[in-house]
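[1] what shape does this take:
(2 chains)
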There are 2 protein chains.
Amino acid sequence: MKISFLLPFLVDHFGFSDSRTFEQRYLIADKHWQTNGGSILFYTGNEGDIVWFCNNTGFMWDVAEELKAMLVFAEHRYYGESLPFGEDSFKDSQHLNFLTSEQALADFAELIRHLKETVPGAENQPVIVIGGSYGGMLAAWFRMKYPHLVVGALAASAPIWQFEDLVPCSVFMKIVTEDFRKSGPYCSESIRRSWDAINRLSSTGSGLQQLSKTLHLCSPLTPGDISNLKDWISETWVNLAMVDYPYEANFLQPLPAWPVKVVCQYLKNPNVSDTVLMENIFQALNIYYNYSGQVQCLNISQTTTSSLGSTGWSYQSCTEMVMPFCTNGVDDMFESYLWDLDKFSEDCFSQWGVKPRPYWITTLYGGKNISSHSNIIFSNGDLDPWSGGGVTKDITDTLVAINIPNGAHHLDLRAGTALDPSTVLLSRLLEVKHMKKWIADFYKNAKV
Amino acid sequence: MKISFLLPFLVDHFGFSDSRTFEQRYLIADKHWQTNGGSILFYTGNEGDIVWFCNNTGFMWDVAEELKAMLVFAEHRYYGESLPFGEDSFKDSQHLNFLTSEQALADFAELIRHLKETVPGAENQPVIVIGGSYGGMLAAWFRMKYPHLVVGALAASAPIWQFEDLVPCSVFMKIVTEDFRKSGPYCSESIRRSWDAINRLSSTGSGLQQLSKTLHLCSPLTPGDISNLKDWISETWVNLAMVDYPYEANFLQPLPAWPVKVVCQYLKNPNVSDTVLMENIFQALNIYYNYSGQVQCLNISQTTTSSLGSTGWSYQSCTEMVMPFCTNGVDDMFESYLWDLDKFSEDCFSQWGVKPRPYWITTLYGGKNISSHSNIIFSNGDLDPWSGGGVTKDITDTLVAINIPNGAHHLDLRAGTALDPSTVLLSRLLEVKHMKKWIADFYKNAKV
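    I've put the predicted structure just below:
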């Protein structure tokens, strides 16, 4: 059973002159919750609709009975229906000023406090925060900043080190490339060659026309679209690597099992004409965008489910969440791209009227110096490009890394299926073992 | 050698639409600093002029050589010369919006990062935060929230539990009373009886006149002043208890050694007429306000040094720093006063246009649930009324309490003198022992 609530929440937790409030959405499921010896699993919502995350975090539902757990899914402000200023929320930098990770963590803190004060039986129960991707970062950061409110955190596929120069900016795209390289002969090589093919074709009017037709695009390409086209195709490969799950699934898009392998079946031969190569590329893209077979044409302005809040995330990327990415076309299958903070900063300013502070996240959350914290599980799948910015080695006995061979983006948080590889089954067992220890320690200390 | 610097600092660390900056003052002394195996002692400035705190924190100067330490004293925003909007800083709630403990901690974080990046040799050195009173709270909270930047904190006389219902609201004034009770026969009893004497005298015009004369007030009292008069006298006793140091000192005011004992010499006989009692009270007050003998009359609108920023603190008390106090006139020597949050809240709103959030500090900093943190020394003197809201028992092996019998408000942070009781000498030795261990651990871990 699932119920959704709304609460009046402060827009600004960190100042007192602004007393405006908004309604924050969250979901509760208490079917398996037991007030005697139970626990509260709290999903720290990330950049999207919380119902969608709730439906894609079957792990919590799967372990609820074993942990006698109440499940709470908290929506992140400025996403889904938790818009501080309704339709005006993204209007300008004034309205966006309260979209930060700090405010979101404070929302979660207030919500946990509210639940403990208002739900009979919740007060003296251990809370564990759980999140995936940016939500995983928030879960880890929440345990770091509010350890008095939660006994531990499961941070799945959380790239907390994808900032400043904590990891090489090239690592992300290298992992994407490696996924494609391993998934079929000449697959990554075919993609590497496609960029020049696009450049050559798009250099003439007739080539452009042909490219539009070959890729079944909804709108014919103009010369000004080529950069966007290549970004769109790149992002498609990135997304495919992220959701390279071992079974048919619908996370970013409806897809077959092991979608990168399926895509690579069309990309076996790099030594073909530009047009044939692009026909192959289309077949590959068509797996991602048209697995249902219902789509008439491909739209280069969309790459993923609308449940993700791309507007909000674009702003966050331009303020706190400044993640450097780069490619060189040699160690990866993409066109060469240098990370240029100055240009990035200018683009952010012209788009949002704000300048990024790339150093702030590490100043605030500690970068690699986090060993004084405790009770955080960092899980990462090796297929997941975000694992490059994640914690993949134990830091201390209680800051542990769980690596999932053949795992894609937070596979461990998804509902168990018969097709799960043994690696993810083992990871989930370990995660539950840690969580049970945190819960047991909580009750042991409460008795003293 | 002491140098003072100014830096352009962000007014708002927690939002991106406001890019205004201000100049933050800090002091550096590096006479004893050694780049090889040294350390950085960082004073987390509180509600006053940083030069004044610097001059009253001799302990840091005394231990600088032993710890090969650079000394840094950072001024708290909105105090001293670190005013975000100059003269307009206290104009209204819009300008005061950035006066919070979170912003101050972020200032300290940015300053530490700046020093590590710009002072050659500072990068790979351990930093210890030190503070007294509210500055001690900031030191403790800084270690809790930014443990990646500092190896430990010395929180002297830091009443981190003087919030909500973490300690009884009566504890503070009980300790004040106990100090006076112990410092001379009938001393607290004389003060307890003085309130009714004031009430009786002020009920007639001639009584008022006489009272003004007896107390040598600069301006004659009107009936509307009586409440302020009693508050002023109460605050004087509180301040005397706080600075009941074993030697002549000038912290809040120039005072003799053991000033409460000196004051109590005038308050030995409670069984006298109202007028005689108030003459005795005047003699007592005169010790506090006129130890120099230069003062012509007493001014009930001033209780302490102007180096303390009472305007800023009044605002902070009305927003985050909501500390409940109460008295009953039986267990303490004051008139009965009930803590009334609603009334307090209304008064704050009419004064500052903001409503307090009394629960926020405990939500943010954990209240009594702080055992997951490490490397914080909480020192308290038993004469200090603030010890009632302090941590006076060890929480874990690394969250330790040091209690100083016969110690007043952060006596341990003051420069050593020949008149220091052995209790404070021992406390300082223990503090240095802990700090040396933190520093040694830092260098041991750095080598691994």
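
[2] CA atoms for contacts and neighbours, from now on please.
    Will do.

[3] show me what A:E23 bridges to in the sheet.
    A:E23 forms beta bridges with A:P8, as assigned by DSSP bridges.

[4] residues contacting it?
    Residues near A:E23 by CA atoms under 8 Å, 6 or more residues apart in numbering or on different chains: A:L6, A:L7, A:P8, A:F9, A:S82, A:L83, A:P84.

[5] now the most centrally placed residue in chain A: closest residue in space that isn't a chain neighbour?
    Centroid-nearest residue in chain A, with CA atoms, centre = their mean: A:S133, separated by 3.6 Å. Leaving aside its sequence neighbours, A:S133 sits nearest to A:A158 (CA to CA, 6 or more residues apart in numbering or on different chains; 4.5 Å).

[6] with A:E335 instead?
    A:G329 (5.0 Å).

[7] cool, and A:I50?
    In space, A:I50 is closest to A:E75, 5.0 Å off (CA to CA, 6+ apart).

[8] show me what contacts that neighbour?
    The contact partners of A:E75, by CA under 8 Å, 6+ apart, come to A:Q24, A:R25, A:Y26, A:T44, A:G45, A:N46, A:G48, A:D49, A:I50, A:S82.

[9] ok, 10 Å please
    Neighbour list for A:E75: A:24-27, A:43-51, A:53-54, A:81-83, A:104, A:107-108 [criterion: CA atoms under 10 Å, 6 or more residues apart in numbering or on different chains].

[10] in chain A, mark out all the strands, start to finish.
    A:3-10, A:21-29, A:39-44, A:69-74, A:127-132, A:152-156, A:249-250, A:254-255, A:376-381, A:399-404 (DSSP state E).

[11] hey, least reliable of those strands by pLDDT?
    Mean pLDDT per stretch puts strand A:3-10 lowest among these, at a mean of 79.

[12] what does that one rub up against?
    Under the criterion CA under 10 Å, 6+ apart, external residues in contact with strand A:3-10 comprise A:16, A:18-30, A:51, A:72-74, A:77, A:81-82, A:84, A:103, A:106-107, A:110-111, A:114.

[13] report how many residues lie close to A:P270.
    Number of residues near A:P270 (other CA atoms under 10 Å in any protein chain shown) recorded here: 20.

[14] quick one: it and A:S188 touch, right?
    Yes - with contact taken as CA atoms under 10 Å, A:P270 and A:S188 are classed as touching, separated by 9.1 Å.

[15] what residues are shared contacts of the two?
    A:S194.

[16] could you measure from the closest residue to chain B within the stretch 101-250 of chain A over to B:K368?
    Among the residues of the stretch 101-250 of chain A, A:H148 lies closest to chain B, at 5.2 Å counting by CA to the nearest CA. When distance is defined by CA to CA, to the nearest Å, A:H148 is 9 Å away from B:K368.

[17] ok, A:A446 next?
    Using CA to CA, one gets 13 Å for the distance from A:A446 to B:K368.

[18] sorry, back to before: neighbour count for A:H148 and B:K368, which is higher?
    When neighbours are counted by other CA under 10 Å, A:H148 and B:K368 differ, and A:H148 comes out ahead with 24 against 14.

[19] list the contacts for that one?
    With the criterion set at CA under 10 Å, 6+ apart, A:H148 makes contact with A:109, A:127, A:142, B:362-373.

[20] quick one: the helices in the stretch 201-350 of chain A?
    Taking DSSP state H, counting those that start in this stretch as the criterion, the stretch 201-350 of chain A contains helices spanning A:205-214, A:226-242, A:259-264, A:274-289, A:310-317, A:341-352.

[21] between helix A:310-317 and the last one, find me the angle.
    With axes from the mean of the first three to the mean of the last three CA atoms, to 10 degrees as the criterion, the two stretches helix A:341-352 and helix A:310-317 enclose an angle of 140 degrees.

[22] show me what helix A:341-352 is packed up against.
    Identification of packing neighbours for helix A:341-352 by 3 or more CA pairs under 10 Å, 6 or more residues apart in numbering or on different chains; DSSP states H and E yields helix A:93-96, helix A:310-317.

[23] buried stuff in stretch A:230-250?
    Burial within stretch A:230-250, assessed by neighbour count using 16 or more other CA atoms under 10 Å in any protein chain shown, is assigned to A:230, A:232-234, A:236-247, A:249.

[24] residues in contact with A:T21?
    Under the criterion of CA under 10 Å, 6+ apart, the neighbours of A:T21 are A:L7, A:P8, A:F9, A:L10, A:V11, A:D12, A:P84, A:F85.

[25] find the nearest non-adjacent residue to it, please.
    Spatial nearest neighbour of A:T21, chain neighbours left out: A:L10 (4.4 Å); criterion: CA to CA, 6+ apart.

[26] so where is the stretch 151-300 of chain A shaky, pLDDT-wise?
    Applying pLDDT under 70 to the stretch 151-300 of chain A picks out no residues at all.

[27] what's the neighbour count on the residue lying closest to A:T214 once chain neighbours are set aside?
    Counting by CA to CA, 6+ apart, the nearest residue to A:T214 once its immediate chain neighbours are dropped is A:E279, at 5.7 Å. A count of nearby residues for A:E279, using other CA under 10 Å, gives 19.

[28] how much space separates A:E279 from B:N286?
    95 Å.

[29] A:D382 too?
    For A:D382, the distance to B:N286 equals 75 Å [CA to CA].

[30] next one: A:T327
    The separation that A:T327 has from B:N286, given CA to CA, amounts to 76 Å.

[31] give me the domain ranges for chain A.
    Chain A is divided into the following domains under automatic domain parsing: A:5-164+A:361-447, A:171-340.

[32] return the most buried member of these.
    With neighbours taken as mean count of other CA atoms under 10 Å in any protein chain shown, these reach their highest mean count in domain A:5-164+A:361-447, at a mean of 21.

[33] circling back: wait, the residue nearest to A:T214 sits on A:I191?
    No - using CA under 10 Å, A:E279 is not in contact with A:I191; the gap is 12.0 Å.

[34] which neighbours do the two share?
    A:L267.

[35] hmm, A:Q302 is touching A:D231, no?
    No - in this structure A:Q302 lies outside contact range of A:D231 using CA under 10 Å: 11.0 Å.

[36] run through the residues that contact A:R200.
    A:S194, A:G207, A:L208, A:D274.

[37] which non-adjacent residue is nearest the third one?
    It refers to A:L208. Using CA to CA, 6+ apart and skipping residues adjacent in sequence, the residue nearest A:L208 is A:S202, 4.6 Å away.

[38] just the second one next, same as before
    Once flanking residues are discounted, A:G207 sits nearest to A:L201: 4.4 Å by CA to CA, 6+ apart.
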